[in-house]
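K.L.:
pasting the sequence and the predicted model now:
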Amino acid sequence: MSELDYLVIGAGPAGLQMGHHLQQASRDYLIVEAGPAAGTFFSRFPRHRQLISINKVHTGWDDPELNLRMDWNTLLGGRPFKEYTQRFFPAADDLVRYLGDYAAAQGLSVRYNTRIERISRPDVFEAVDQHGTVLRARRLIVATGVSKPYVPEIPGIETAELYTEMSVDPTEFTNQRVLIIGKGNSAFETADNLIEHAAVIHVAGPHSIRMAWQTHFLGHLRAVNNNFLDTYQLKSQNAVLDGNVVDIAKQPDSSYLVTVSFARVNEVTKDIRYDRVLAATGFRFDASIFAPECRPELKIDDRFPAQTSAWESINVPGLYFAGTITQERDFKKSTSAFIHGFRYATRALHRILEQRHHARTWPYRDLAGTSAAVGEAILARVNRTSALWQLFGFLGDVVTLSTDGSARYWEEMPVDFVPDAIAAGHLGEVDTYLAITLEYGKDHDHLDPFDINARRIAQSDAEHALDGRYLHPVLRQYRGDRQIAEHHITENLENEWTDEAVHRAPLHDFLESVLRSPELTP
């Protein structure tokens, strides 16, 4: 029985993106998809059929790289998503159509209607589908997404209607009292759908609502889904309950008596009657198909596989992950959970695989080891890159410096992977290195970004760049895994870091100090 180099499970955005890179490298691979077409998950979800990934068609730019900063759906190497729809928040069906066309246009090796039911590893990975066909591969890349509902352990939760199965016809909830468990976008998407028909809607969860415009984590509540909050604060019978649902008791007349322990009123417990209870509590990774000898360890309430800095399972060598399940690496901090984040992470994973298994060096370019050369290379990148912009604080460019005066510029590495790559000798001889990221300022996820008093940082105030809250370039100097120095390039309203006095001169001074540091003294 022949063995593949790579078996990719899942033909969603991440699986197709990985297939593109494997195809370009002429690797022996196969993508398998349980459904009849690419992106089957998006043919059902989100249930109300509107995406929250933006599609900004008009940017004023001609540069495709810059346009990707405002395009959260296009896959690398594919046609721009804006050719499929002009809507800022596209319909899910547009994404399904896009993914199908991408797979066809790329000529990807995809086998549809192939549901993997068992994965074992007697020597190499063996994946058995629903027909009993066995696929063997030296390396496995799982890009299935979070395919299983996450159901919290609440007594009686099995009587509730899950987000995955509930009706999306609002007329079926006419004049009813409805409880929605969960405080994410799926919960509020559902609440917004019911506003015109339900008599009372309560949205409940143990934590306070966090707004994406404040935290910059896109999985927190998005403005497009928050109309419901008006109906709560402006006294329209609806409410947000901060507390734990501790019991759900279905009554003989099919109504519910739900016990809620409120978090903000000295843990007061109250029984509330509802006609319907909906559970919109998110999704989780399904590890049930793995045999015990190759079952990956899980983290974060067993919702995601635990991963190394190279997106490899921490306990199963050769098992890699791509797509939204990689958010374990930057959980609620950056954008690995979303297409516009993991499209770059998938490219980085492919480069790691090429480096590890096919003796291909991570792409780099040589620079003169001077502050002028290194500084101009950094400014050129931060003013144009979409990868560092989208996977902020997670992916970084790296400049390696040696005592012989040489410098190399490596693009788009996971920041926490760099020390491992250096230790393995993959980046050559390195005496010290710079990591360049785009990051929001300290406490950005707690301060109100619309509060003028919290944002008294002048756009041209280079001396107080460290206090900036908005996205801006950050340079850190490391030796091994020890940070030596740090420099912030002050934030700019148009994200153009080109000013001679404000951006270039302070950067030049910082780089001069780096190049004079003891780490680079022969």
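P.N.:
Sure thing, it's come through.

K.L.:
switch to C-alpha atoms for all contacts and neighbour counts from now on
P.N.:
OK.

K.L.:
burial of Glu297, as a residue count?
P.N.:
By other Cα atoms under 10 Å, 15 other residues sit near Glu297.

K.L.:
apologies, that question was intended for Val245.
P.N.:
24.

K.L.:
give me the low-pLDDT residue ranges for the stretch 201-350 of the chain?
P.N.:
Low-confidence segments of the stretch 201-350 of the chain (pLDDT under 70): 265-267.

K.L.:
rerun that using 50 as the cut-off
P.N.:
For the stretch 201-350 of the chain, no stretch has pLDDT under 50.

K.L.:
spell out the residue ranges of the helices in it.
P.N.:
Listed in chain order, the helices of the stretch 201-350 of the chain (DSSP state H, counting those that start in this stretch) span 212-215, 227-233, 339-357.

K.L.:
ok, Arg87 - contacts?
P.N.:
Taking Cα atoms under 8 Å, 6 or more residues apart in numbering, we find Arg87 in contact with 55-56.

K.L.:
what's the local residue count around Tyr163?
P.N.:
So Tyr163, with other Cα under 10 Å, has 23 neighbours.

K.L.:
oops, could you answer that again for Asn225 instead?
P.N.:
19.

K.L.:
so what's it up against?
P.N.:
For Asn225, the contacting residues are 185, 188-189, 192, by Cα under 8 Å, 6+ apart.

K.L.:
ok, those residues vs Ala424, which is closest?
P.N.:
Asn185 (41.4 Å; Cα to Cα).

K.L.:
which residues touch the closest one?
P.N.:
Asn185 neighbours (Cα under 8 Å, 6+ apart): 219-222, 225.

K.L.:
by neighbour count, which of those wins?
P.N.:
Leu221 leads the contacts of Asn185 on contacts (other Cα under 10 Å) with 23 neighbours.

K.L.:
that one contacts Ser186, doesn't it?
P.N.:
No: Leu221 is beyond contact range of Ser186, at 9.1 Å (criterion: Cα atoms under 8 Å).

K.L.:
for the residue lying closest to Ser109 once chain neighbours are set aside, which three-state class applies?
P.N.:
Once flanking residues are discounted, Ser109 sits nearest to Leu30: 5.4 Å by Cα to Cα, 6 or more residues apart in numbering. Secondary structure state of Leu30, per DSSP: H, G, I helix; E, B strand; the rest coil, is strand.

K.L.:
also Arg365?
P.N.:
strand.

K.L.:
burial count for Ser402?
P.N.:
For Ser402, using other Cα under 10 Å, the count is 20.

K.L.:
contact partners of stretch 469-488?
P.N.:
The contact list for stretch 469-488 (Cα under 8 Å, 6+ apart) reads 382, 419, 422, 431-444, 455, 465-466, 489-492, 495, 507, 510, 514, 519.

K.L.:
the longest strand in the protein is where?
P.N.:
strand 239-250 (DSSP state E).

K.L.:
so what's Arg138 up against?
P.N.:
Neighbouring residues of Arg138 by Cα under 8 Å, 6+ apart: 3-6, 124-125, 318.

K.L.:
and those as a markdown table, adding distance to Thr174, secondary structure and neighbour count?
P.N.:
Below are those laid out as a markdown table (distance: Cα to Cα, whole Å; DSSP: H, G, I helix; E, B strand; the rest coil; neighbours: other Cα atoms under 10 Å):
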| residue | distance to Thr174 | secondary structure | neighbour count |
| --- | --- | --- | --- |
| Glu3 | 56 | strand | 16 |
| Leu4 | 54 | strand | 18 |
| Asp5 | 55 | strand | 16 |
| Tyr6 | 51 | strand | 21 |
| Val124 | 55 | coil | 15 |
| Phe125 | 51 | strand | 23 |
| Gly318 | 52 | coil | 19 |
